[in-house]
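with the input below, show me the fold.
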Amino acid sequence: MIECIQGDIARQPDIEAVVNAANAQLRPGGGVAGALHRAAGPELDRACRSLAPIRPGEAVITAAFALPNQYVIHCLGPVYGVDEPAEALLADCYRNALELAEREGLHSIAFPALSAGAFGYPLEEAARVALETVSTTLPRCPHLERVRFVLFDARSAALFRRMLDELQAG
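Numbers count the residues shown, from 1 in each chain. Next up is the predicted model:
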């Protein structure tokens, strides 16, 4: 099941792993990374240090510490207009995160709109890549029962829901 909601990625207690829109050094920052690091506590920053740096499209996993989840999967999305091929790298983020969750035997994962904030990826294009990649990757991930997109604002959530409906309608 794929769902799209408006909410706070750091407050998804019914989800096993949340995805961090990370920077290459996996350090606290603004946006999603800042929110998750603040909510998780300083242990998350310490756990990330030995895993950095990561490249666009890569995904790594840590414990979630003070977050209400078991894990954080950190993905480095492409910077739009800089990291190329942007669409393939963005798809790699979602695919690699799902495959990592599957290897860990997880049943649920929540994503933000990777690269659509400070990294400048146009929201509609980012949503299309995200939803298409998740839809085509999920059949190879039998443990995963729920994928949730957690969008910061109502406009983004509505766009993701509309695009998901269109994708599922065929």
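
what about the strands in this protein?
2-6, 17-21, 59-63, 71-75, 108-111, 146-151 (DSSP state E).

tell me the most buried of those?
Stretch with highest mean neighbour count among the strands of the chain: strand 17-21 (a mean of 29; mean count of other Cβ atoms under 10 Å). Backbone N, C-alpha and C define where each C-beta goes, glycine included.

give the other helices and strands that that strand contacts.
Applying 3 or more Cβ pairs under 8 Å, 6 or more residues apart in numbering; DSSP states H and E, one finds that strand 17-21 makes contact with helix 31-40, strand 71-75, strand 108-111.

strands paired with that strand, and their directions?
strand 71-75 (parallel), strand 108-111 (parallel) (DSSP bridges).

what's in contact with the longest helix along the chain?
Counting by DSSP state H, the longest helix found in the chain is helix 86-103. Contacting residues not belonging to helix 86-103 are listed as 16-17, 19, 56-61, 71, 73, 75-78, 80, 83, 109, 111, 114-115, 121, 125-126, 129-130, 132-134, 137-138, 140-144, 147 [Cβ atoms under 8 Å, 6 or more residues apart in numbering].

flag every buried residue along it.
86-87, 89-98, 100-102 (16 or more other Cβ atoms under 10 Å).

one more: stretch 27-46?
Pro28, Gly29, Gly31, Val32, Ala33, Ala35, Leu36, His37, Ala39, Ala40, Leu44.

which ones are touching the fifth one?
For Ala33, the contacting residues are Asn20, Ala21, Ala22, Asn23, Arg27, by Cβ under 8 Å, 6+ apart.
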